[in-house]
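1. Kindly return the folded structure for what I paste below:
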Amino acid sequence: MVNKTVASLQAAVADVPDGATIMIGGFGVAGQPSALIDALIAQGARNLTVINNNAGNGERGLAALLKARRVRKMVCSFPRQADSFVFDALYRAGEVELEVVPQGNLAERIRAAGAGIGAFFTPTGHGTLLAEGKETRLIAGRPHVLEYPLTADFALIKAHRGDRLGNLVYRKAARNFGPVMATAAACTVAQVDEVVDVGALDPEAVVTPGIFVHRVVVA
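-> Residues are numbered from 1 along each chain as shown. Sure thing, here's the model as predicted:
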C-alpha cells in the first residue's frame with residue numbers, strides 16, 4: 001500500500017544534505033512551509049541554494065534559515081522589502097549570493113523544469129543587467145532573452161489538505177508557487193494541515209497530483 005505520510009517534520013527533512021538546492025513555496029508568508037523550515041534549521045544542513053519568491057520576512061521561516069547562516073545563495077524575485085532586513089544585512093556583508101529573477105520568469109523557469117522544456121525565450125529582462133551574457137533573439141520583431149529551467153533537489157511546500165498518496169489541495173492564495181515547485185524537484189515534501197482518507201478529496205479539486213509528491217507531513 002502506498003503511504004507517503006511521514007511521522008514527523010524532522011523525518012521529512014532528515015536527508016537534506018549540505019549544498020542542496022531547495023525550492024521553498026510561499027508568496028511572502030502566504031503558503032510558506034514554516035514548520036518544515038524550522039525542522040530544516042534544526043537538522044543542520046548548510047551551504048544551501050534556496051529558490052523562493054522573496055528573501056524572507058522578519059525573523060521567522062525563510063528569514064530564520066538565513067539568520068542561521070545556512071543559505072549560500074538566494075534565487076528570488078523580491079530580495080528587498082520592508083521586513084527583509086536579515087537578508088539585506090547578510091547580502092551587504094557579502095555572506096550570501098543573490099540571483100534576481102523577474103517573477104514571471106521565475107514561475108516559468110520552474111514550470112519549464114517540471115514540463116521537461118529545455119529552455120525558452122522571453123522578452124522580460126531584455127536590455128537590463130539581468131540579460132547580460134545571455135543569448136538573445138528577435139522574435140516577431142521583439143527582442144527576447146533565452147532562459148533555462150530551474151530544478152531543485154528538494155521542494156518544501158505547504159498545502160491545506162493531503163492524502164496518503166500525496167494528492168494535495170491548497171487554501172486560496174497559499175497555493176502560489178507550490179504546484180509548479182512540486183513538479184520541478186527530485187523530492188517534494190508537503191506540509192499539510194490535515195491528512196484525509198484516500199477518496200476524501202474531490203478529484204476535480206486536486207491541484208497537485210500525488211505523482212509529484214514524495215512525502216506528506218502534518219504540521
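
2. which residue lies farthest from the center of this protein?
-> residue 141 (34.0 Å; Cα atoms, centre = their mean).

3. From residue 115, how far off is it?
-> Distance from residue 141 to residue 115, counting by Cβ to Cβ, to the nearest Å: 27 Å. Where you see a C-beta, it was placed from the backbone N, CA and C, and this is true even at glycine.

4. For beta bridges, what are the partners of residue 21?
-> Per DSSP bridges, the residues bridged to residue 21 are residue 49.

5. Distance from the chain centre to the helix or strand residue 98 falls within, please.
-> Using DSSP states H and E, residue 98 sits within strand 97-100. The chain centroid and the centroid of strand 97-100 are separated by 15 Å under Cα atoms, centre = their mean, to the nearest Å.

6. got it, and stretch 96-110?
-> Centroid displacement of stretch 96-110 relative to its chain, using Cα atoms, centre = their mean, is 11 Å.

7. How about stretch 58-70?
-> 15 Å.

8. Could you do stretch 115-123 as well?
-> Taking Cα atoms, centre = their mean, the mean C-alpha location of stretch 115-123 is offset from the chain mean by 18 Å.

9. Could you pull out the buried residues of that stretch?
-> Of all the residues in stretch 115-123, those buried under the rule 16 or more other Cβ atoms under 10 Å are 120, 121, 122.

10. Just the mean pLDDT for it, thanks.
-> Mean pLDDT, stretch 115-123: 97.

11. End to end on it, go ahead and measure it.
-> End-to-end span of stretch 115-123 (Cα to Cα, to the nearest Å): 20 Å.

12. repeat for stretch 22-40
-> End-to-end for stretch 22-40, by Cα to Cα: 11 Å.

13. At which residues are the strands of this structure located?
-> Assigned by DSSP state E, the chain shows strands spanning 21-24, 48-51, 71-76, 97-100, 120-122, 136-139, 142-147, 152-163, 168-169, 185-196, 215-218.

14. can you put the ones you listed in CSV and add distance to residue 130?
-> Output for the strands of the chain, formatted as CSV (distance: least, Cβ to Cβ, whole Å):
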stretch, distance to residue 130
strand 21-24, 20
strand 48-51, 16
strand 71-76, 12
strand 97-100, 7
strand 120-122, 11
strand 136-139, 12
strand 142-147, 8
strand 152-163, 21
strand 168-169, 32
strand 185-196, 24
strand 215-218, 34
